[in-house]
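[1] Here is a sequence with its predicted model. Questions after.
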Amino acid sequence: MHIIALSGALRRASYNTALLRAAITLAPEGVSIELRTLHGIQPYDGDVEAVGIPEAVTTLREAIRAADALLISTPEYNNAIPGVLKNGLDWLSRPSGEGARLFGGKPTGLMGATPGGFGTVQSQDALLSVLRAFGNDFWMGGRLMVSKAGTVFDADGQLVDDKVREQLQRFVHGFVDFVKRRQA
């Protein structure tokens, strides 16, 4: 099984990218998780689209298309998903109808980390609204919302909180089981 792990943040020391890196190490045997980011994807512009879909978008799209599943980790900015993630999804859904072709039926899991105290519940809810339009097959059996991420990761981005590590492992294994049931 091959899963694309998409970080909704660009920051080099992103807690969400660190969370996905930790998920990679906790994947069950026989499961590969490939980390992808939105670096290199410019702001959506219909004039640019008219000339052609940028290579960074095409590369990410083909990686997602080839994967068995998609795992997204998103921060929460102003009670919603970050603009960079929404922009990436907007590009991936172009031209019109591509979102449903790319994401339709794709098993998808959501998680997130934030330095704040309330997790990423609002950004995950906002992301569900966007992805629902594409017909993703959401795993609703688990949610992972890491609060106070500055205490969960060390300065090198390593997951140091055993309780969160256990939660992440249960989350990843539950998501993998969900994907396996979809493949059966």
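    Thanks, I have it.
[2] Give me the most central residue, this structure.
    In the chain, the residue lying closest to the centroid (Cα atoms, centre = their mean) is residue 72, at 1.2 Å.
[3] so that residue, which of the three states?
    strand (DSSP: H, G, I helix; E, B strand; the rest coil).
[4] Now do the SS call for the closest residue to it other than its chain neighbours.
    The shortest distance from residue 72 to any residue other than its chain neighbours is 4.9 Å, reached at residue 6 (Cβ to Cβ, 6 or more residues apart in numbering). Using the backbone N, CA and C atoms, a C-beta is placed for each residue, glycine as well. The three-state assignment at residue 6 reads strand, by three-state DSSP.
[5] ok so, going back, state the distance from the residue nearest to the centre of the chain to residue 177.
    Residue 72 sits 18 Å away from residue 177, going by Cβ to Cβ, to the nearest Å.
[6] Same question for residue 167.
    The gap separating residue 167 from residue 177 is 16 Å, by Cβ to Cβ.
[7] Looking at the two, which is more packed in?
    Between residue 167 and residue 177, residue 167 has the larger neighbour count (other Cβ atoms under 10 Å), namely 16 against 13.
[8] Verify the contact between that one and residue 144 for me.
    Yes - the pair residue 167 / residue 144 is scored as a contact, 6.1 Å apart, by Cβ atoms under 8 Å.
[9] biggest helix in this structure by residues?
    What stands out as the longest helix in the chain, according to DSSP state H, is helix 162-183.
[10] Which secondary structure elements does that helix sit against?
    Judged by 3 or more Cβ pairs under 8 Å, 6 or more residues apart in numbering; DSSP states H and E, helix 162-183 is in contact with strand 2-7, helix 15-26, strand 69-73, strand 107-113, strand 144-146.
[11] go again using 6 Å as the cut-off
    helix 15-26, strand 107-113 (3 or more Cβ pairs under 6 Å, 6 or more residues apart in numbering; DSSP states H and E).
[12] Please identify the most buried of those.
    Mean neighbour count, computed with mean count of other Cβ atoms under 10 Å, is highest for strand 107-113 among those, reaching a mean of 27.
[13] Contacts for that strand, please.
    Strand 107-113 has contacts (Cβ atoms under 6 Å, 6 or more residues apart in numbering) with 15-16, 19, 69-74, 120, 123-124, 127, 136-139, 144-146, 149, 175, 179, 182.
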